[in-house]
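Asks: coords please:
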Amino acid sequence: MTRDCRMVWDDCLRIIKKNVSPQSFKTWFEPIKPVRLENEVLTIQVPNKFFFEWLEEHFVQLLKKSIRQELGDRGRLVYHIPENGNSQDISLQAPTRISSKPSSEKDNEPVPGVFDAEMIKNPFIIPGIKRIKIDPQLNLEYTFDSFIEGDCNRLARNAGVAIAKKPGGTAFNPLVIFGDVGLGKTHLAQAIGNEVVRSNDSKAVLYVSAEKFTNQIIQAIKNNSVNDFVNFTR
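Replies: Below you'll find the model as predicted:
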């Protein structure tokens, strides 16, 4: 009997389900859709690039194991990522950043299509100017430990944790959190800030409500100090 992509992926899921918690399986594997199977290459669709990065960081060995068991040693997995009306296919464990140190002048040249956050310089740092101390205006009780996690906000929380560990280095930059009242949007946003402050005091963190931000803009216009406001925000 000829197996299609759905049958192969269902068999992979049976292997994966035995090796992860029910919560992880529901969050990270149930949303995946098999797209096609060509020769020994299975293509699966994931919701976004952050989803792909999380799978690669936390479940890559398990995915390799399941693919090889179902498709043999030549089996390969490709991610299909639909984003902003476009889409891209990425092979399992494809390189997404430069991690090794250059061994020659040629190696030090930028590689097209490869993003390395360490290569990007902050254009707002002025040499010789002392960094000002900023009050982050965070509620210290809003942390990841006190955040109540459920099916409705699990993906958002995982995105927040990833951002707190590597600010500016994830697929969600910026991160936009949307949801109904009472699901923890404010708590999650401040938990990210509190974790960054706790783990890296060299980072500048500032929490500003929409109302306060709007009032600051209005006052800057009234006082003819828009440039100062823009420079501070940057």
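Asks: Every contact and neighbour count from this point should use C-alpha atoms.
Replies: Fine.
Asks: now Ile16: how far from Arg74?
Replies: Using Cα to Cα, to the nearest Å, Ile16 is found at 19 Å from Arg74.
Asks: any idea which strand is longest in this structure?
Replies: strand 76-83 (DSSP state E).
Asks: Lowest average confidence across helices and strands of the protein, where is it?
Replies: The weakest-scoring helix or strand in the chain, judged by mean pLDDT, DSSP states H and E, is strand 86-91 (a mean of 65).
Asks: Centre of the chain to stretch 167-177, how far?
Replies: 6 Å (Cα atoms, centre = their mean, to the nearest Å).
Asks: on that earlier part again, partner strands of the longest strand of the chain, with direction?
Replies: The strands that strand 76-83 pairs with in its sheet are strand 41-45 (parallel), strand 86-91 (antiparallel) (by DSSP bridges).
Asks: From Ile16, how far off is Val9?
Replies: No Val there; residue 9 is Trp. Taking Cα to Cα, one finds Trp9 at 10 Å from Ile16.
Asks: Which one's more surrounded, these two?
Replies: Of the pair Trp9 and Ile16, Trp9 is the one with more neighbours under other Cα atoms under 10 Å, namely 23 against 18.
Asks: Test my guess that the more buried one contacts Pro34.
Replies: Yes: applying Cα atoms under 8 Å, one finds Trp9 in contact with Pro34, separated by 6.4 Å.
Asks: helix, strand or coil for Ala159?
Replies: helix (DSSP: H, G, I helix; E, B strand; the rest coil).
Asks: Next one: it relative to Thr214, how far apart?
Replies: Distance from Ala159 to Thr214, by Cα to Cα: 27 Å.
Asks: hmm, back to that, could you give the mean pLDDT of the longest strand of the chain?
Replies: Average pLDDT, strand 76-83: 86.
Asks: One more: stretch 152-168?
Replies: Mean pLDDT, computed over stretch 152-168, is 87.
Asks: What residues of that stretch count as buried?
Replies: For stretch 152-168, a neighbour-count test (16 or more other Cα atoms under 10 Å) marks Asn153, Leu155, Ala156, Arg157, Asn158, Ala159, Gly160, Val161, Ala162, Ile163, Ala164, Pro167 as buried.
Asks: Over to stretch 29-47?
Replies: In stretch 29-47, counting by 16+ other Cα under 10 Å, buried: 29, 32-37, 40-46.
Asks: closest to Leu183 among the buried residues of stretch 152-168?
Replies: Asn153 (7.1 Å; Cα to Cα).
Asks: can you tell me which two in the buried residues of stretch 29-47 are farthest apart?
Replies: Phe29 and Glu40 (20.6 Å).
Asks: Show me this protein divided up by domain.
Replies: 5-91, 117-233 (automatic domain parsing).
Asks: can you pull the buried residues of the helix ranked longest in the chain?
Replies: In the chain, taking DSSP state H as the definition, the longest helix is helix 185-199. Residues of helix 185-199 classed as buried: Lys185, His187, Leu188, Ala189, Gln190, Ala191, Ile192, Gly193, Asn194, Glu195, Val196, Val197 (neighbour count, 16+ other Cα under 10 Å).
Asks: Low-confidence regions, this protein specifically.
Replies: For the chain, residues meeting the criterion pLDDT under 70 lie at 1-2, 83-89, 91-132.
Asks: one more time with 50
Replies: 1, 94-129 (pLDDT under 50).
Asks: Could I get the full set of helices for it?
Replies: Under DSSP H, the chain gives helices at 5-17, 22-28, 49-58, 60-71, 154-165, 185-199, 210-222, 226-233.
Asks: In TSV, list those helices along with distance to Ile134.
Replies: Shown next, in TSV, are the helices of the chain (distance: least, Cα to Cα, whole Å):
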stretch	distance to Ile134
helix 5-17	46
helix 22-28	37
helix 49-58	30
helix 60-71	40
helix 154-165	18
helix 185-199	11
helix 210-222	16
helix 226-233	10
